[in-house]
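[1] sequence unknown, structure follows:
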């Protein structure tokens, strides 16, 4: 078992004919992901990487019944691509594109309220992978092994590091979800934790957080309320300097939350051991 | 019994200190309507017509628990007033103001999707009255008598005419609802019919329609699907000339619908007798 | 407010939409001058109503002299009740294809509807009837406006996939007429794709919501005075009345649109024909009644007047007194039937009778009476 | 992009918000000239960072001579790492009261938050901590923007009921900075109510989303070059790197923000201090590595460099070769420790070793090694 994506998920790649879209579609196919269609405006009716290409996501859904989408379009078009996917009925939308303006994402988040079944992952994220079955995004298959650990991370390369370490230690993963590092994003740690909680095949989770925002704190609260999962957390950015502040607005809103200290304390309070370095994670899971 | 408003409904008057607001609040109070508060920006903390005045509807609701609102503010402020009432949790909003820009009302209608419990009547309508109990709006109490006929109308003065005729004939009314004549409005004939259908005290309904739109046709379809109510309809505007058309957009959208003929035929098809003149309505109800 | 073509095109231009070069001409000389500047032109009557082409209001002119002659014919002609005040001389386009683009309020949907079709030109209503699918439709969310992917889908649905990008940009510009100008209807038909590949507004129709005039005073100031429509409607507008001219000979005054419309219906049922629709609104104050009567009596065709008023807030006796004052001030001699109902209707009727005015108890009776009196030609 | 005060005020002015008369001065003479035109002025350092008042960057000048002296002192001074490029001479306001108005992104709410307080001025953060209720808050819907009734409620909540109308109008104007400029933060503190009753922006802070720079090329063109910040950051920006200067002496390069931050953490844990944060992104191409190394080596404080790269798509041997090329091209002599992991990490490490570069197997080991080497002062 797994969460969000498995070998039966039918996937549309938005921006399939682009450089990134092409490369990663091949990678996704190599793992066995059921990529059923791609979109590329103006290229509807053609075929790319053995997959039919449509002008719009709605056309792709109508023709294939796909339910998940991976977005590989340039940042200026990415917010629109997410809304298009939601409005076409996608229930899983994975947006890899980075550099999307924050105000675009704020509007997208509001738009998605109208599509409660649409789950967004990202943007600016490596996507997700269920080892041995399927992936949407760019997480390299070779850092993964099938197993029972759920991995949720805000950082791309740290995900790969930890995935590699877990696999090397013989600790396989149920699903790895890179939720992305942008300030305004789709699924949060807590949202993904809820999914792992319901997934019987997952018995342990690793949470790789970062300074900024309160999503880690909310995840800790969720676990504190009682979880069957054995969890380990890691927070990067303990020594990162605060950005040079110009005004006070940010401080008024965030107060003391968002620091590595606040996040680590929240996890410890919830009974979740916090790794000092990523190397320590394997040991804490044993 | 009755629909939407009765002697227990607690009402806020938005714009209570204005000329119209003052006059009609007094009329509403004279009938026994439970007017619990008024709003008038900048006059919060004062009292008017024996009623506390608040700056905002939210303040009024917090202090009084009111659930219904009557709006008597000038057109440029009316759309905002409706949204304010909905966001303050009002479940019945009656907007008397006329001359609201259509695009404002289109935005209001979309806004109200976020408040599914908020029922809007109007704008540009005389409001509603449950004879002998309460009213929100400007329908004169003296044209009404308590009874079992539900009256729904798009026209103000025709409502008064028909109300007067019914009362004179000894045919009392359960509730009279003036839904308003604007192109984009709140509750439709059909919406109000559904409420009357569920109100045991109502046994007959009179529908006073007008040319334009398809709301009368939709009401006829509703009745055709089976209703316990004995209905009579009247449509004004049979001989009204079509507006001088400039473009084709209107014609493309509305096609052949919206004429008096289409509406009368729809009612007849649904088994609802159509009065030739308003004078004939009483006879058809007997 | 329905803008004339050249006014609508000025608005489109301000929104960044391409329009052909054109000049307004109020005289034949000006038209000739325009043609000598622009080259071959279409000389187009400027009236806020459709069908001017069939009415002879558009002529092609290859030379300044031809433009002068065309303008001489067109300026001052009557098109569906509008006297043509001026012409618009517009450079001819090299047309590759003609599309249709427009939006309007769909009152059943309580929303704006955007429509795009590859089959533009005169016969779009016929297209709508015969092959409705060839007109692609979109209901944009009124707060968000049309989104890029929605407009792309609209273009593909209309079979205009190759124009997705320019069309998306153009429709977003046109849509700005809603938030910026409270437009109720905007129509570009034909929307011309030129042989050079540009997309240009061939014709333009734009209606602005009168209820929103307070937000767009500049528009009213710039364009409000140009249109020379029905003189009674113009006068009524000045006096703040809701008035529409009709073809018949019986003047109608009512309070409330519904009551007024049903009065028209009754007059026709009684065998007469109304000269106008005139709604004096709720209060039925003496001054407003006098204004309404004054406008109606300007029309020489009118042989009699029917007033149908429900006294809701205003009492019947007061309404009656107001009507008598108005009649006397205007020295009205034509037959006048008044149907008064509501509060103190009996007292009102008595006052009318004493002053030589026929009261009607029911609206139907009153309608029959005025038809009878006007047919008899009673003075 | 963080705009300077005078730039932010130009933007506010373009949105229709009142600002005091003011002039930019790049020299002491210009400041004197400004004061002779404006009368008594505040001479204010223009730096994209808070706290300039406490740092001596704001001086009042009653005469042109005083303005000259103030500008002489302020221009060129260093405020939190920024060399003051110019001053803004602004006419003094007759202040009746000082309010606070601002918006920013609340990342937990995934929304913009508008804040208004009657307690404006320097100590607003203290106000927020001690009496949070005195700061009224509103989360406007991002498509609709703040609605009139919401803004009225905000003003009443802030205890500014008597200013509801002007405040509603002003906040709507300020909010336009979001759709029009992709502003992430805008702050007017103090928002001054003058003795004459006008509402004027006393100070202004505005941050524009760099990710949206493609939508606002005009802003970048007008303002991008003025700010003279940290020279390494300026150079890094030119080379398209994500780079932040820090206080320590160990240069850091990593791929991915998370990996980079965790490398900083490890260096500190090992007893060292990072000289920078430099994220070279996913690919870790030779050219990018060389650019990053070049910027880091500009900094004379740097005593050694730690590179921490995970080879995901790019293979470890290729990354290793790229690093060696970069080092050789730059003739780098300082200690260099590279931690390579991922695909072909063994091959990569072997290449590094052969070329005299210390490879680290784990990031923690690598961090310890670079700290040790820099402390020893090995060359």
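    Sure thing, it's come through. In this text, all values refer to a predicted model and were calculated from it rather than measured experimentally.

[2] Could you give the number of residues near the residue lying closest to residue C:80 once chain neighbours are set aside?
    Once flanking residues are discounted, residue C:80 sits nearest to residue C:49: 4.7 Å by C-beta to C-beta, 6 or more residues apart in numbering or on different chains. Where C-beta positions appear, they are placed from N, C-alpha and C, glycine not excepted. For residue C:49, the count of nearby residues is 20 (other C-beta atoms under 10 Å in any protein chain shown).

[3] Tell me the secondary structure at residue C:49.
    Put simply, residue C:49 is coil when judged by DSSP: H, G, I helix; E, B strand; the rest coil.

[4] thinking it is in contact with residue C:83, fair?
    No. Residue C:49 lies out of contact with residue C:83 (C-beta atoms under 8 Å); the separation is 11.7 Å.

[5] returning to that earlier point: roughly how far apart are the residue nearest to residue C:80 and residue B:265?
    Applying C-beta to C-beta, to the nearest Å, the value for residue C:49 to residue B:265 is 29 Å.

[6] tell me the contacts of residue C:39?
    C:91, C:92 (C-beta atoms under 8 Å, 6 or more residues apart in numbering or on different chains).

[7] can you check residue A:257 too?
    Residues in contact with residue A:257 (C-beta under 8 Å, 6+ apart) are A:213, A:214, A:217, D:108.

[8] who's in contact with the first one?
    When contacts are counted by C-beta under 8 Å, 6+ apart, residue A:213 is found next to A:183, A:257, A:258, D:107, D:108.

[9] Now it: phi and psi?
    Torsion angles at residue A:213 (phi, psi; degrees, to the nearest 10) stand at phi 70, psi -180.

[10] Same question for the third one.
    Main-chain torsions, residue A:217, degrees, to the nearest 10: phi -60, psi -40.

[11] before we move on, back to that, I'd like to know which of the contacts of residue A:213 are buried.
    Among the contacts of residue A:213, the ones that count as buried by 16 or more other C-beta atoms under 10 Å in any protein chain shown are A:183, A:258, D:107, D:108.

[12] Output the residues you listed in a markdown table; the columns should cover secondary structure.
    Converted to a markdown table, these look like this (three-state DSSP):
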| residue | secondary structure |
| --- | --- |
| A:183 | coil |
| A:258 | coil |
| D:107 | coil |
| D:108 | coil |
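
[13] nearest to chain B, of these?
    Closest approach to chain B among the buried ones among the contacts of residue A:213 (C-beta to the nearest C-beta): residue D:108, at 21.4 Å.

[14] Now do that closest one, the pLDDT please.
    With respect to pLDDT, residue D:108 has a value of 90.

[15] now do residue C:229
    For residue C:229, the model assigns a pLDDT of 68.

[16] repeat for the one 4 residues further on
    At residue C:233, the pLDDT value in this model is 85.

[17] ok, it touching residue C:243?
    Yes. Contact criterion C-beta under 8 Å: residue C:233 and residue C:243 qualify, at 5.9 Å.

[18] Settle it for me: which of those two has more neighbours?
    Neighbour totals were compared for residue C:233 and residue C:243, and residue C:243 leads with 24 against 16 (other C-beta under 10 Å).

[19] who's that one bridged to?
    residue C:278 (DSSP bridges).

[20] List the residues that contact it.
    Applying C-beta under 8 Å, 6+ apart to residue C:243 gives the contacts C:232, C:233, C:236, C:237, C:276, C:277, C:278, C:279, C:292, C:295.

[21] Which of these fall in helices?
    Under the assignment DSSP state H, the contacts of residue C:243 contribute C:232, C:233, C:236, C:237, C:292, C:295 to helices.

[22] Spit out the contact partners of the residue in chain C that chain B sits nearest to.
    Here chain C gets closest to chain B at one residue, residue C:258, 2.2 Å apart by C-beta to the nearest C-beta. Neighbouring residues of residue C:258 by C-beta under 8 Å, 6+ apart: B:153, B:154, B:155, B:156, B:157, B:158, B:159, B:181, B:208, B:210, B:236.

[23] how close does the last one get to residue B:155?
    With the distance defined as C-beta to C-beta, residue B:236 ends up 7 Å from residue B:155.

[24] tell me the SS of the residue in the stretch 151-286 of chain A positioned nearest to chain B?
    Per C-beta to the nearest C-beta, residue A:184 is where the stretch 151-286 of chain A lies closest to chain B, at 20.7 Å. Recorded secondary structure, residue A:184: coil (three-state DSSP).

[25] Any residues of chain C in contact with chain A? List them.
    Applying C-beta under 8 Å from any C-beta of the partner chain, we find that chain C lies next to chain A at C:144, C:147, C:148, C:149, C:150, C:152, C:153, C:156, C:161, C:162, C:164.

[26] Which ones among those also lie next to chain D?
    Contacts with chain D within those, counted by C-beta under 8 Å from any C-beta: residue C:144.

[27] For residue A:265, list the residues it contacts.
    Residues counted as contacts of residue A:265 (C-beta under 8 Å, 6+ apart): none.

[28] Dihedrals phi and psi, it?
    Per-residue torsions, residue A:265: phi -60, psi -40 (degrees, to the nearest 10).

[29] What's the per-residue pLDDT of it here?
    Looking at residue A:265, its pLDDT is 95.

[30] Likewise for residue C:225?
    So, for residue C:225, pLDDT stands at 68.

[31] Check residue C:173 too.
    In this model, residue C:173 is scored at 98, pLDDT.

[32] how about the residues of chain C next to chain A, which pair is most distant?
    Within the residues of chain C next to chain A, two members stand farthest from each other by C-beta to C-beta: C:144 and C:162, at 26.3 Å.

[33] neighbour count winner among the two?
    Ranked by neighbour count (other C-beta under 10 Å), residue C:144 and residue C:162 place residue C:144 first, with 16 against 11.

[34] ok, so what distance separates that one from residue A:110?
    9 Å.

[35] hey, what's in contact with both of these two?
    residue D:143.

[36] Where does pLDDT dip in chain C?
    Chain C contains residues with pLDDT under 70 at C:122, C:225-229, C:282-284, C:312-314, C:377-379.

[37] And the helices in it?
    C:5-14, C:28-38, C:64-74, C:124-130, C:148-157, C:164-175, C:177-181, C:217-223, C:231-238, C:257-269, C:286-298, C:316-329, C:345-354, C:363-376.

[38] Residue C:307 is nearest to which of those helices?
    helix C:316-329 (6.3 Å).

[39] how much does the closest one deviate in direction from helix C:345-354?
    Angular relation of helix C:316-329 and helix C:345-354 on a 0 to 180 degree scale: 20 degrees, by axes from the mean of the first three to the mean of the last three C-alpha atoms, to 10 degrees.
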